[in-house]
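Colleague: Structure for the following, please:
(one chain, ligands or ions: 1)
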Amino acid sequence: KGGNGIGAQTDYQIIGIEPGAGIMAQADRALKDYQLDNWQLQEGSSAAMTAELKKAYNQKKPIIVTGWAPHWMFSTYELKFLKDPKKSFGAVEDIHTIVRKGLKQDAPGAYTILDQFSWKPGDMEKVMVDIKDGRDPAEAAKKWINANGDKVGNWTKGAKAGNGETINLVYVAWDTEIASTNVIAKVLEQNGFNVKLSQVEVGPMFAGVANGSVDGMVAAWLPSTHREYYKQYKNDFIDLGTNLHGTKNGLVVPKYMDINSIEDLK
Ligand code: PBE
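Modeller: Residues are numbered from 1 along each chain as shown. Model (predicted):
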């Protein structure tokens, strides 16, 4: 059946995450692009995926997961992305901040801060690692903000302080987005806004900003991962551009596994 013996050892299972995630559509595409007819993409959650990875890793067992960077898993375990010569997972991407129409008029200071929000993968990973080590996300955000006053100062420059206006932010429970959303929420709070965070599924996250029932999100992976959601709603919200450059999606395995490319699964 192929797969270098890896298929038999892993039951031809790739451990996925939430069904609506862009990386799941990309992994489905990879199964077709590489003709991995015997393989199955298992749906679950990001938390279940990292739990399975931990379990397999501690026993030095083979495992294949849908993974993305930045992520604390790369500083916790020795892992590698499988090469993707057919580019089923797209290329290096950006994360965009997207807000509802009218936010600029209703809360100009919050709009300015969201517009100026921008950091690096290494910044985000610090917050992610702290949360993974057990720190409450809001506390991890505060700790990073306190240590990075220069960066945060660039986000808040020229922003009109709030007067307790409520800002509703939505996010999906991906480790990357738990980190970024908590950081920007804390910065908005420190500048006079009353921030409400709601954890939702990816479809409702885009729909909520587009229909104006929420104010914004910092979690749109573009141009590839969330292309379909973006296409559907792009005329109905304001894309404030990149808040982070340099993400990557793919199939991730422990370095102790003797494969290097998705092609090796055939
Ligand atoms: N992710 C993390 C998301 C975007 C952020 C890669 C799991 C997704 O696949 O939709």
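
Colleague: What parts of the stretch 51-200 of the chain come near the ligand?
Modeller: 68, 174, 176 (C-beta under 6 Å from any ligand atom). Every C-beta, even on glycine, is put in place using the N, C-alpha and C of the backbone.

Colleague: Give me the neighbour count for the last one.
Modeller: Spelled out, that is residue 176. Using other C-beta atoms under 10 Å, residue 176 is surrounded by 26 other residues.

Colleague: State the number of residues packed around residue 181.
Modeller: Burial measure for residue 181: 26 neighbouring residues, criterion other C-beta under 10 Å.

Colleague: between the residues of the stretch 51-200 of the chain next to the ligand, which is closest to residue 249?
Modeller: residue 68 (4.8 Å; C-beta to C-beta).

Colleague: For that closest one, which three-state class applies?
Modeller: Secondary structure, DSSP: H, G, I helix; E, B strand; the rest coil: residue 68 is strand.

Colleague: How about the one 3 residues further on?
Modeller: Here residue 71 takes the coil state, with states given by three-state DSSP.

Colleague: gap between it and residue 200?
Modeller: From residue 71 across to residue 200, the span is 21 Å (C-beta to C-beta, to the nearest Å).

Colleague: Among these two, which residue is more densely surrounded?
Modeller: More neighbours surround residue 71 than the other of residue 71 and residue 200, with 25 against 16 (other C-beta under 10 Å).

Colleague: Before we move on, what's the pLDDT of that one?
Modeller: We have a pLDDT of 97 for residue 71.

Colleague: repeat for residue 2
Modeller: 49.

Colleague: TSV for the residues of the stretch 51-200 of the chain next to the ligand, including pLDDT?
Modeller: Listed next are these as TSV, based on pLDDT from 0 to 100:
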residue	pLDDT
68	98
174	96
176	97
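
Colleague: Show me the strands in this protein, by range?
Modeller: Assigned by DSSP state E, the chain shows strands spanning 13-15, 40-42, 65-69, 79-81, 93-100, 166-171, 194-199, 216-222, 237-254.

Colleague: For these, give me CSV that also has distance to residue 209 and mean neighbour count.
Modeller: Formatted as CSV, these follow (distance: least, C-beta to C-beta, whole Å; neighbours: other C-beta atoms under 10 Å):
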stretch, distance to residue 209, mean neighbour count
strand 13-15, 30, 19
strand 40-42, 28, 16
strand 65-69, 21, 24
strand 79-81, 30, 19
strand 93-100, 5, 22
strand 166-171, 7, 22
strand 194-199, 11, 15
strand 216-222, 6, 25
strand 237-254, 5, 20
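
Colleague: nearest to residue 136, of those strands?
Modeller: Here strand 194-199 is closest among the strands of the chain (C-beta to C-beta), at 12.9 Å.

Colleague: Rounded mean pLDDT for the closest one, please.
Modeller: For strand 194-199, mean pLDDT rounds to 98.

Colleague: Return the distance of that strand from the chain's centre.
Modeller: 18 Å (C-alpha atoms, centre = their mean, to the nearest Å).

Colleague: buried sites along stretch 15-35?
Modeller: Within stretch 15-35, the residues that count as buried by 16 or more other C-beta atoms under 10 Å are 15-18, 21-27, 30-31, 33-34.
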